[in-house]
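Asker: here are the coordinates; sequence isn't available:
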């Protein structure tokens with residue numbers, strides 16, 4: 001994706017495609033969809049069974065970057081792209097900048113704006129222009145091993161200071177065998193979620209002014225977060241095993257980790273990868289930087305966008321809005337119960353079915369009573385149109401600092417310098 005921003009700036013004066021008129025066939029209109037959601041075949045089958053005017057053809061073109069590479073190639077070639085595509089929220093500016101996304105605001109998307117909280121809608125729009133429809137998100141919370149907390153007489157922390165105090169108590173009581181948690185420095189989304197909660201604003205960017213960007217990766221709030229976690233790691237209180245690895249999963253399954261700073265999709269993720277610890281976990285709100293605050297961050301989330309290769313953009317827009325729309329309760333039953341997605345649509349979030357859902361893995365706890373209020377309190381955050389490079393700089397520089405035992409905040413300074421240089425090289429006016 002490194003070349004996307006550079007080529008896209010040259011296209012900013014061009015209008016987005018996908019608006020051409022086309023005579024519809026007598027039978028159902030075929031809409032090609034690329035997505036990697038778990039259990040998505042059942043969602044597609046449900047949609048096709050309840051619509052006679054549309055037929056979805058679904059392809060799993062890969063997860064994340066694998067799909068994005070194929071998508072970028074197809075968009076450049078002018079052929080081979082899907083009508084509707086899953087995009088993670090942080091990738092929307094990158095693809096919107098290419099002018100290959102249809103403005104869904106012209107196809108009624110603003111009519112469903114009220115189904116989403118303000119921060120989520122702003123992730124996919126700029127003014128009346130709508131680049132995608134939100135699907136799922138990742139509000140953050142603290143999962144904790146209730147058995148370990150009881151074993152070592154730990155109390156559930158409500159602030160990060162209390163969290164550190166419990167970590168010190170755990171280290172002493174367990175003889176250093178247990179960590180309070182694992183800090184996965186290989187995941188830029190995780191780190192950004194923590195920065196987000198602290199109030200960091202790494203970028204000032206609006207697609208309404210696409211050639212200008214403010215870069216402040218090494219802001220004071222982000223440095224505060226890294227100084228805190230550097231202290232936990234250097235004190236032997238937190239581990240640094242890479243997320244999404246066998247060693248990490250083993251840590252969740254055993255008594256190695258007492259907590260897991262997780263996202264709203266975490267219940268399904270941990271159930272699938274740490275089945276041996278079923279019934280031992282609970283969920284509590286994310287610790288705060290100051291007592292009494294209610295600041296939240298997001299880790300992950302995705303949407304449906306329509307590409308300019310859609311022959312019938314109005315139909316494709318309808319599919320994007322309806323597939324996981326607020327009224328599609330059957331699709332969300334699959335999405336929640338089987339795919340463990342955390343919905344962005346407020347009517348789904350606030351439904352008794354979702355809020356009161358009990359999770360056996362968490363001893364019957366209604367974990368969404370924690371995640372939903374967290375989601376509703378998330379503030380705004382702007383992404384850059386080169387997020388792959390941004391995440392790479394965060395993870396590469398921080399992992400080097402961990403390995404060499406050098407300053408984490410200095411690593412952030414290095415990322416800041418590299419990102420500013422990169423943005424300038426790509427043709428952006430850096431503020």
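Answerer: Ah, there it is. If you're wondering where the values come from, they're calculated on a predicted model, not measured in any experiment.
Asker: which SS class is the closest residue to residue 177 other than its chain neighbours?
Answerer: Once flanking residues are discounted, residue 177 sits nearest to residue 255: 7.0 Å by CB to CB, 6 or more residues apart in numbering. (Glycine included, C-beta is placed from N, CA and C.) Judged by DSSP: H, G, I helix; E, B strand; the rest coil, the three-state class of residue 255 is coil.
Asker: count of residues packed around residue 255?
Answerer: Counted with other CB atoms under 10 Å, the neighbours of residue 255 add up to 17.
Asker: how close does it get to residue 349?
Answerer: Noted for residue 255: a distance of 34 Å to residue 349, by CB to CB, to the nearest Å.
Asker: and if you look at residue 329?
Answerer: 13 Å.
Asker: hey, where'd the helices end up in the stretch 301-431 of the chain?
Answerer: 313-322, 329-337, 346-349, 352-355, 368-376, 387-404, 408-425 (DSSP state H, counting those that start in this stretch).
Asker: What's the mean pLDDT across the last one?
Answerer: In this case it means helix 408-425. Helix 408-425 carries an average pLDDT of 98.
Asker: Check which helices and strands that helix is in contact with.
Answerer: For helix 408-425, the packing partners by 3 or more CB pairs under 8 Å, 6 or more residues apart in numbering; DSSP states H and E come out as strand 212-215, helix 220-234, helix 387-404, strand 429-430.
Asker: tell me the contacts of the residue nearest to residue 177?
Answerer: By CB atoms under 8 Å, 6 or more residues apart in numbering, the residues touching residue 255 are 145, 148, 151, 174, 177, 178.
Asker: Tell me how far it lies from residue 92.
Answerer: According to CB to CB, residue 255 stands 40 Å off from residue 92.
Asker: what about residue 81, how many neighbours?
Answerer: The local packing of residue 81 (other CB under 10 Å) involves 22 other residues.
Asker: for residue 134, phi and psi?
Answerer: Backbone torsions of residue 134, given as degrees, to the nearest 10, read phi -60, psi 140.
Asker: again, but for residue 242
Answerer: Backbone torsions of residue 242, given as degrees, to the nearest 10, read phi -60, psi 140.
Asker: State the distance from it to residue 183.
Answerer: Distance, residue 242 to residue 183, using CB to CB: 10 Å.
Asker: So the two - more neighbours on which side?
Answerer: Higher neighbour count among residue 242 and residue 183: residue 183, with 25 against 15, using other CB under 10 Å.
Asker: Please tell me how far the more buried one sits from residue 227.
Answerer: Residue 183 is 13 Å from residue 227, where distance means CB to CB.
Asker: repeat for residue 178
Answerer: Using CB to CB, residue 178 is found at 23 Å from residue 227.
Asker: of these two, who's got more company?
Answerer: Using other CB under 10 Å, the more surrounded residue of residue 178 and residue 227 is residue 178, with 24 against 13.
Asker: re earlier: would you reformat the helices and strands packed on helix 408-425 as CSV and include mean pLDDT and distance to residue 52?
Answerer: CSV is the format used below for these (pLDDT from 0 to 100; distance: least, CB to CB, whole Å):
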stretch, mean pLDDT, distance to residue 52
strand 212-215, 98, 46
helix 220-234, 98, 51
helix 387-404, 97, 39
strand 429-430, 97, 50
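Asker: wait, which of these is closest to residue 194?
Answerer: The closest of the helices and strands packed on helix 408-425 to residue 194 is helix 220-234. By CB to CB, the value is 5.1 Å.
Asker: buried ones in the closest one?
Answerer: By 16 or more other CB atoms under 10 Å, the buried positions in helix 220-234 come out as 221, 222, 223, 224, 225, 226, 228, 229, 230, 232, 233.
Asker: Let's have the residues you listed in JSON lines, adding distance to residue 72.
Answerer: Shown next, in JSON lines, are these (distance: CB to CB, whole Å):
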{"residue": "221", "distance to residue 72": "32"}
{"residue": "222", "distance to residue 72": "29"}
{"residue": "223", "distance to residue 72": "33"}
{"residue": "224", "distance to residue 72": "36"}
{"residue": "225", "distance to residue 72": "32"}
{"residue": "226", "distance to residue 72": "32"}
{"residue": "228", "distance to residue 72": "37"}
{"residue": "229", "distance to residue 72": "34"}
{"residue": "230", "distance to residue 72": "36"}
{"residue": "232", "distance to residue 72": "38"}
{"residue": "233", "distance to residue 72": "36"}
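Asker: Identify, from the residues you listed, the entry nearest to residue 111.
Answerer: Ranked by distance to residue 111 (CB to CB), these are led by residue 221 at 36.0 Å.
Asker: so that closest one sits right up against residue 198, yeah?
Answerer: Yes: contact criterion CB atoms under 8 Å: residue 221 and residue 198 qualify, at 4.3 Å.
Asker: can you give me the strands for the stretch 1-150 of the chain?
Answerer: Along the stretch 1-150 of the chain, counting by DSSP state E, counting those that start in this stretch, strands occupy 29-34, 54-59, 84-88, 125-126, 129-130, 133-139, 141-145.
Asker: Confirm for me that residue 144 is in contact with residue 156.
Answerer: Yes: under the criterion of CB under 8 Å, residue 144 makes contact with residue 156 at 6.6 Å.
Asker: which one of the two has more residues nearby?
Answerer: More crowded of residue 144 and residue 156, by other CB under 10 Å: residue 144, with 24 against 16.
Asker: Tell me the bridge partners for the more buried one.
Answerer: Residue 144 has these beta-bridge partners by DSSP bridges: residue 259, residue 282.
Asker: can you pull the contacts of residue 134?
Answerer: 89, 116, 120, 121, 123, 124, 301, 303, 344, 345.
Asker: Can you flag the buried ones in the residues you listed?
Answerer: Neighbour-count burial (16+ other CB under 10 Å) applied to the contacts of residue 134 gives 89, 116, 120, 121, 123, 124, 301, 303, 344, 345.
Asker: could you redo the residues you listed as TSV and give each row distance to residue 395 and pLDDT?
Answerer: TSV is the format used below for these (distance: CB to CB, whole Å; pLDDT from 0 to 100):
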residue	distance to residue 395	pLDDT
89	18	98
116	30	97
120	25	97
121	29	98
123	22	97
124	25	98
301	19	97
303	23	98
344	26	97
345	31	97
